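[1] Fold the following, please.
(chains A and B)
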Amino acid sequence: MTILRVDLKSPVPVYRQIVDAIRILLVNGDLNPGDALPPVRRLALDLGVHFNTVAEAYRTLEEEGWLEIGRRSGARVVERAVGSRCDPETGEAFERRLREMVAEMQARGLSRDRIARELRRLAGALERS
Amino acid sequence: MSTETMLFLPLLILIGGLFHFVPVLTRPDLFFAVTVAPGFRRGGDARWILGKYRAIIWIATLMAIGLELAAGMAVAAMLLQMIGFLWGLVSAHRAVGAYAAAPSSVLEVDLATPPERLPGGPIGALLPVLFLAGIGLWVSFHWDRLPSRFPVHWGFRGADRWVNTTPATVFGFLAAQAFVCLLLAGSAWGLLNWSRRISSTGPGAAGERHFRRRIVQLLIVTEYFLACPAWFALFRPGAAAVNAWGLALAAVLVAFGVSLVRGGQGGSRATAATGAAPVGDRTPDACWKWGLVYFNPADPAILIEKRFGIGYTLNFGNRWTWVTLALVLAAASGLIWLR
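    Numbering: from 1, shown residues only, chains lettered A, B, ... in the order given. All right, here's what the predicted structure looks like:
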């Protein structure tokens, strides 16, 4: 499924939610190299947000190497070259963000069991991919 | 009773009937242009508000009929019925406001939804305009083949307004027809490109796509029906075929109307209202005035699904709406001035 969800009440800016949601679809293989994304105008209209919000999200994904944005062809998913090794800061940032998110979810009332179950599910999906 | 009155009374009853049914044709979680909880429309409060609205509508319609029968004041009767409708709508809109529900803040879009295109492509939509341009080109070289007078308006009894054949009347007539066709083609294009897709998956999305396609087809078909009388007017001015043409247009409009009504606004009648939070039409209640006029500068959409009735309305908060309206008005004024 290639459903993009945006929560207008979330404290996370809409542009960041779009980037995160599309990135998840890309990582999960729901969007593959060659797939076209909706034009900026179309996505902005459907979400009811400003064109610049979507354009900014697409630009961020282009900078990360996920998309190629052509003036006429629009946004298209490209094969992304990822190095087999990443710098130590990236690994540390990942651990920190994961811990922060677990703590935040616990603070918001999500049970430890639920968090652990979700992490196990994610780990399983990662190992299978 | 005069013939006009005999024709006018069924029209008043028909309009009253339309007003009667319109509230149940909207999206399931909208009621009198207010976002409500799924299932609210089936409750006792909703039924009472609907009953009161319908009572006002029919009282106004009966008064309008009485006015027409007693004094033959058709315009005043129509106005009276319209005032009754607005009064019923505004009072129902205010009453439902007390039961307004917050719409879901989560929006979903399917990134894989294919783009929707004009049936027949841009050429198909612009063919009637090209046809009219072709007639214009042909008559400029074969002026002597035109009749001395030609009709520019048709009523129930055929052509009822004729003008002398001069370059101004002929080209003005063709330009006016072409302008209306362009307006219809532009509306169809705008509907596909500048309106919001509300449902992204399931039967809701399919129903909505079908609804949009029907309206676009209606606009394009109407374009073809409007372009052809230009040919009749200039080359077969007295032909009875144009009356059959008018009947065919009326039949097509009724067929499309029935199809749209069966699907409900946005094709939503096939979709049962489910879930805790209503989806509505993804526009904020606060941006609607009496549920009829939409003004939201933060919304990039130009065409918005009506909250009351079938079809689309304009977002008057979008500056491009005003630019488009100004262009249309300027073109219309230019044509009137030329004629």
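[2] May I have the secondary structure class of the residue nearest to residue B:126 when sequence neighbours are not counted?
    Take residue B:126 and drop its neighbours on the chain: the residue closest to it by C-beta to C-beta, 6 or more residues apart in numbering or on different chains is residue B:185, 6.0 Å away. For every residue, glycine as well, the C-beta is placed using N, CA and C. Judged by DSSP: H, G, I helix; E, B strand; the rest coil, the three-state class of residue B:185 is helix.
[3] ok, residue B:185 - contacts?
    Applying C-beta atoms under 8 Å, 6 or more residues apart in numbering or on different chains to residue B:185 gives the contacts B:118, B:125, B:126, B:128, B:129, B:219, B:220, B:223.
[4] check which helix or strand covers the residue nearest to residue B:34 when sequence neighbours are not counted.
    Leaving out its chain neighbours, the residue that sits closest to residue B:34 by C-beta to C-beta, 6+ apart is residue B:96, at 4.3 Å. Under the criterion of DSSP states H and E, residue B:96 resides in helix B:74-97.
[5] what do you get for residue A:57?
    Here residue A:57 sits within helix A:51-63, counting by DSSP H and E.
[6] Now do the helices in the stretch 51-200 of chain B.
    With DSSP state H, counting those that start in this stretch as the criterion, the stretch 51-200 of chain B has helices at B:74-97, B:121-141, B:167-193.
[7] my read: residue B:161 touches residue B:153, true?
    Yes. Between residue B:161 and residue B:153 a contact is recorded at 3.8 Å, counting by C-beta atoms under 8 Å.
[8] Residue B:283: what secondary structure?
    Put simply, residue B:283 is coil when judged by three-state DSSP.
[9] What parts of the stretch 101-250 of chain B come near chain A?
    The stretch 101-250 of chain B comes close to chain A at residues B:105-113, B:115, B:193-197, B:200-201, as judged by C-beta under 8 Å from any C-beta of the partner chain.
[10] need the contact list for the closest residue to residue B:78 other than its chain neighbours.
    The shortest distance from residue B:78 to any non-neighbouring residue, by C-beta to C-beta, 6+ apart, is to residue B:64 (6.9 Å). Applying C-beta under 8 Å, 6+ apart, one finds that residue B:64 lies in contact with B:12, B:77, B:78, B:80, B:81, B:84.
[11] next one: phi and psi at residue 111?
    Since no chain was named, I'll use chain A. phi -70, psi 150 (degrees, to the nearest 10).
[12] nope, chain B
    Torsion angles at residue B:111 (phi, psi; degrees, to the nearest 10) stand at phi -70, psi -20.
[13] and the closest residue to residue B:278 other than its chain neighbours, how many residues sit next to it?
    Among residues not flanking residue B:278 along the chain, residue B:29 sits closest, at 3.4 Å (C-beta to C-beta, 6+ apart). Residue B:29 is flanked by 26 other residues according to other C-beta atoms under 10 Å in any protein chain shown.
[14] I'd say residue B:29 and residue B:42 touch.
    No. With contact defined as C-beta under 8 Å, residue B:29 does not reach residue B:42; the gap is 11.8 Å.
[15] can you pull out the strands in the chain?
    With no chain named, the answer covers chain A. Along chain A, counting by DSSP state E, strands occupy A:3-7, A:67-70, A:74-77.
[16] wait, chain B
    Assigned by DSSP E, chain B shows strands spanning B:30-31, B:34-35, B:106-110, B:149-155, B:158-164, B:288-289, B:293-294, B:303-305, B:312-314.
[17] From the chain's centroid, how far away is stretch A:48-55?
    17 Å (C-alpha atoms, centre = their mean, to the nearest Å).
[18] And the residue of chain B most remote from its centre, how far from chain A?
    Within chain B, the residue lying farthest from the chain centre (C-alpha atoms, centre = their mean) is residue B:144, at 40.1 Å. Distance, residue B:144 to chain A, by C-beta to the nearest C-beta, to the nearest Å: 49 Å.
[19] Now for that residue: which residues touch it?
    Contacts for residue B:144 (C-beta under 8 Å, 6+ apart) come out as none.
[20] Using neighbour counts, pick out the buried residues of the longest helix along chain B.
    The longest helix of chain B (DSSP state H) is helix B:202-235. Within helix B:202-235, the residues that count as buried by 16 or more other C-beta atoms under 10 Å in any protein chain shown are B:204-205, B:207-209, B:211-212, B:214-230, B:232-234.
[21] quick one: it to helix B:121-141, angle?
    10 degrees (axes from the mean of the first three to the mean of the last three C-alpha atoms, to 10 degrees).
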